[in-house]
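Participant: Provide a 3D model corresponding to the input given below.
(4 chains)
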Number of protein chains: 2
Amino acid sequence: MGVIRKTKAVEVLINTFNSSDEAISAKKLIEQLGTMFNKTTIYRVLDKLEDDGVLHSFLGKDGLKWYAKCTGCSATEHKDLHPHFQCLSCGKVDCLTVSVTLPKIPNRTIEISQLLIQGRCEACLA
Amino acid sequence: MGVIRKTKAVEVLINTFNSSDEAISAKKLIEQLGTMFNKTTIYRVLDKLEDDGVLHSFLGKDGLKWYAKCTGCSATEHKDLHPHFQCLSCGKVDCLTVSVTLPKIPNRTIEISQLLIQGRCEACLA
DNA sequence: ATTTTTAATACAACTGAGTTGCAAATGTAG
DNA sequence: CTACATTTGCAACTCAGTTGTATTAAAAAT
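Facilitator: Okay, here's the model as predicted:
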């Protein structure tokens, strides 16, 4: 991907993701930052950060797009099985660090896997 | 869920799913049957068939909703880990019958899991 | 420091899968 | 056959995400 400039939008978004380990949906980012930046800008910066391997994205339970910091991915290698946990009560999403062994599937190649686990998080169980 | 009447739309949709084991997206069903039935009807019948345990649904790689026949699910128990395979070349989606063992996650309850595996199917590899 | 170049942004208009409200049509029980 | 609840079609809507374009701003060249 192209050069990435140190603009205010890039800086604010990176800081947002650095201030917590939780995943954040594009929708929520627009709610939070929409007065500061146009939603188009937010979508485009997220795209670029994903292309550069800073963030990775996945779909939550409602088909909404979520983003989270990459910790083991590079720009070229997003292929690993990446489990995410979404709480059905509060909606929060976390990246799980456990790795999952995929089933053997004859006669097919596997390139990407998305595993979304839904349930109740610790805070909502208490 | 409520009574389900043997209407023409219900009949046609059930036949469509019985004629193949592949999953079908709501979008494709509307393309195929949209001249025969209104899209609202198709969405509503799919909803109802899912509630009755005839079909189950999941999200494909673009966030589109897919449906497939239930073979081991009941109306009350859709909770099992249900792996699906989507071909990145032709877009086809299949239900996999293999079962996947989930990672242990401390302090959380697991209710639903969705595993979407993407790659190349047998036909597209040839 | 100033100009030039090129990427990033705001804005408005758009896209498209899926939803909602309601009147008309149709299946089923009696 | 009649009564009545369920289904259907239609039109209008929702809303996350996208696209085109003129403007602005970062960084490179002078």
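Participant: next one: phi and psi at the closest residue to residue A:32 other than its chain neighbours?
Facilitator: Excluding the flanking residues, the one nearest residue A:32 by CB to CB, 6 or more residues apart in numbering or on different chains is residue A:16, at 7.7 Å. Any C-beta I mention is one placed from the backbone N, CA and C, and that applies to glycine too. Note on residue A:16: its backbone torsions stand at phi -60, psi -40 [degrees, to the nearest 10].
Participant: Show the contacting residues for residue A:16.
Facilitator: The neighbours of residue A:16, taking CB atoms under 8 Å, 6 or more residues apart in numbering or on different chains as the test, are A:24, A:29, A:32, A:33.
Participant: For chain A, what lies in contact range of chain B?
Facilitator: By CB under 8 Å from any CB of the partner chain, the residues of chain A that approach chain B are A:59, A:63, A:65, A:83, A:85, A:87-88, A:96, A:98-105, A:107-122, A:125.
Participant: Try it again at 7 Å.
Facilitator: A:59, A:63, A:83, A:85, A:88, A:96, A:98, A:100, A:102-103, A:105, A:107-122, A:125 (CB under 7 Å from any CB of the partner chain).
Participant: Separate out the buried members of those residues.
Facilitator: Among these, the ones that count as buried by 16 or more other CB atoms under 10 Å in any protein chain shown are A:59, A:83, A:85, A:100, A:103, A:105, A:108, A:110, A:112-121.
Participant: Strands - which of those land there?
Facilitator: A:59, A:83, A:85, A:110, A:112-120 (DSSP state E).
Participant: ok, of those residues, which one's closest to DNA strand D?
Facilitator: residue A:59 (7.6 Å; CB to the nearest atom of the strand).
Participant: Can you verify my assumption that that closest one contacts residue A:67?
Facilitator: No: the criterion here is CB atoms under 7 Å, and residue A:59 misses it with residue A:67 at 11.1 Å.
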